[in-house]
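# need a structure here:
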Amino acid sequence: PASLEMTLDWLRKHELDYCNVIIADDKVAVARELGVTHAIEDSIRHARSYTAAGVTCYFLPNGLGVQPRGIDHAATDLADIAARLLDAAVHATEAERTKVVISDQIDAGARERIARAAEIIDVDGTNVDALHAAIADADALIVRSETQVDETVFASAPRLRVVARAGVGVDNIDVDAATRAGVLVLNAPGANATSAAEHTVALMLAISRQMIDANATLHAGRWERKRYRPFDLAGKTIGIVGLGRVGSKVAQRLAAFEARLIGYDPFIPVERFQELGVRPASYKELLATSDIVTFHVPSTDETRAMLGPDTFPLLRPGAIVINAARGDVVDD
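Next up, the predicted model:
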């Protein structure tokens with residue numbers, strides 16, 4: 001098949017000439033039979049099947065439906081694989097060892113495991129010249145959100161095989177340019193889902209109790225108690241836009257506050273809404289009836305400026321908007 005030839009070409013380009021090619025109707029069953037522990041998929045259906053079979057699957061570029069695994073888990077897993085496959089590299093000369101460039105801080109334990117099989121090179125990813133110099137002979141690059149990985153980066157790194165994003169979104173990585181260069185792009189679906197959900201609830205509490213303003217005036221030497229009109233989340237209608245990993249966790253936490261939850265997500269089945277105690281609503285209805293609207297969607301062509309000039313007028317008067325997703329989802 002043409003797809004097989006493309007795969008083999010990629011393997012040969014990266015000096016991985018020796019591999020087993022298996023063509024089967026049920027590749028998940030074959031993987032399980034052979035004891036495969038990790039997989040990379042671009043099909044959400046197959047990614048779900050791998051996960052259900054107990055195979056850790058990294059779905060690119062968006063891991064909907066795949067069990068959430070943080071960047072520390074991803075880095076650790078990949079480092080473990082590298083340690084097993086590249087055991088000889090530990091004893092290799094410095095020139096022969098795999099080189100991994102890290103442009104942002106990652107978990108110390110993950111760094112330690114990567115260091116067992118590779119040479120780590122730290123660089124400030126915001127310094128373009130330094131980044132290009134560091135990756136000139138690198139095999140892998142680990143980034144977070146501040147490092148911009150564009151076509152010039154791939155042009156500067158002829159040995160580069162993989163770029164790992166320490167987080168969910170890959171909008172700072174030119175995936176098309178990576179594909180043209182034959183470089184694999186990994187992300188960490190659900191990496192900060194719990195933190196993002198808790199932060200969202202914290203913002204709601206800070207706003208509803210007017211903590212920020214009250215704290216500022218108190219530090220200024222004033223206590224203007226009658227000025228504030230805090231309100232309870234209980235009984236309020238909270239609209240959740242996006243019920244993926246983060247949005248689901250937000251809903252689960254808000255249930256304890258006895259708020260009325262409504263949600264909009266065209267990709268989530270009704271059964272999932274019911275599990276979360278969220279009433280499905282259209283986007284227009286959600287904006288028109290919610291006391292608080294919170295966004296938890298990725299940055300895509302469909303979601304950029306999702307709340308903008310055409311939709312701001314639909315908001316309920318006095319509604320509070322929280323955007324704990326990507327900045328460009330809301331047109332400020």
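
# residue 234 belongs to a strand, doesn't it?
No: assignment of residue 234 by DSSP: H, G, I helix; E, B strand; the rest coil gives coil, placing it outside any strand.

# if you drop the residues flanking it in sequence, what lies closest to it?
Nearest residue to residue 234, sequence neighbours excluded (Cβ to Cβ, 6 or more residues apart in numbering): residue 258, at 4.3 Å. Any C-beta I mention is one placed from the backbone N, CA and C, and that applies to glycine too.

# ditto for residue 315
residue 287 (5.2 Å).

# next one: residue 160
Sequence neighbours aside, residue 183 is the residue nearest to residue 160 in space, at 5.3 Å (criterion: Cβ to Cβ, 6+ apart).

# count of residues packed around the residue nearest to residue 234?
Residue 258 has 11 neighbours, counted by other Cβ atoms under 10 Å.

# residues contacting it?
By Cβ atoms under 8 Å, 6 or more residues apart in numbering, the residues touching residue 258 are 233, 234, 235.

# from those residues, which would you call buried?
Buried residues within the contacts of residue 258, counting neighbours by 16 or more other Cβ atoms under 10 Å: residue 233.

# what's the closest of the contacts of residue 258 to residue 106?
residue 233 (35.1 Å; Cβ to Cβ).

# quick check: phi and psi at the residue lying closest to the closest one once chain neighbours are set aside.
Leaving out its chain neighbours, the residue that sits closest to residue 233 by Cβ to Cβ, 6+ apart is residue 257, at 4.2 Å. For residue 257, the backbone dihedrals (degrees, to the nearest 10) come out as phi -90, psi 0.

# tell me how far residue 257 lies from residue 331.
Using Cβ to Cβ, to the nearest Å, residue 257 is found at 29 Å from residue 331.

# among those two, which residue is more densely surrounded?
The residue with more neighbours, out of residue 257 and residue 331, is residue 257; 17 against 14, by other Cβ under 10 Å.

# was I right to think that one contacts residue 235?
No: with contact defined as Cβ atoms under 8 Å, residue 257 does not reach residue 235; the gap is 9.3 Å.

# what are the boundaries of the strands in the stretch 1-150 of the chain?
Taking DSSP state E, counting those that start in this stretch, the strands of the stretch 1-150 of the chain run over residues 38-41, 56-59, 98-102, 118-122, 140-143.

# give the contact list for residue 214.
Applying Cβ under 8 Å, 6+ apart, the residues near residue 214 are residue 228.

# helix/strand/coil for it?
What three-state DSSP gives for residue 214 is helix.

# what pLDDT, on average, does the helix or strand containing residue 284 get?
Secondary structure assignment for residue 284, by DSSP states H and E: helix 283-289. Mean pLDDT, helix 283-289: 97.

# check stretch 293-302 too.
For stretch 293-302, the per-residue pLDDT averages 90.

# buried residues, it. List them.
Judged by neighbour count using 16+ other Cβ under 10 Å, the buried positions of stretch 293-302 are 293, 294, 295, 296, 297, 298, 299.

# same check on stretch 167-187?
So, applying 16+ other Cβ under 10 Å, buried residues of stretch 167-187: 167-174, 177-178, 181, 183-187.

# now that stretch: average pLDDT?
Stretch 167-187 comes out at a mean pLDDT of 89.

# can you give me the end-to-end distance of that stretch?
End-to-end distance for stretch 167-187, by Cα to Cα, to the nearest Å: 6 Å.

# sitting in helices, which of the buried residues of stretch 167-187 do you find?
Judged by DSSP state H, the buried residues of stretch 167-187 include 177, 178, 181 as members of helices.

# tell me which element the nearest residue in space to the last one that is not next to it in sequence is part of?
Sequence neighbours aside, residue 154 is the residue nearest to residue 181 in space, at 4.0 Å (criterion: Cβ to Cβ, 6+ apart). Secondary-structure assignment from DSSP H and E places residue 154 in helix 151-155.

# chain center to the helix or strand harbouring residue 246, what's the gap?
Here residue 246, judged by DSSP H and E, is contained in helix 245-254. Its chain's C-alpha centre and that of helix 245-254 lie 16 Å apart, by Cα atoms, centre = their mean, to the nearest Å.

# which residues touch whichever helix or strand comes after it?
Heading C-terminal from helix 245-254, the first helix or strand you meet, by DSSP H and E, is strand 260-264. For strand 260-264, contacts defined as Cβ under 8 Å, 6+ apart pick out 235-243, 247, 251, 254-255, 273, 276-283, 285-286, 289-290.

# at 7 Å instead, please
The contact list for strand 260-264, computed with Cβ atoms under 7 Å, 6 or more residues apart in numbering, reads 236-241, 243, 251, 254, 273, 277-283, 286, 289-290.

# so where is the stretch 201-332 of the chain shaky, pLDDT-wise?
For the stretch 201-332 of the chain, no stretch has pLDDT under 70.
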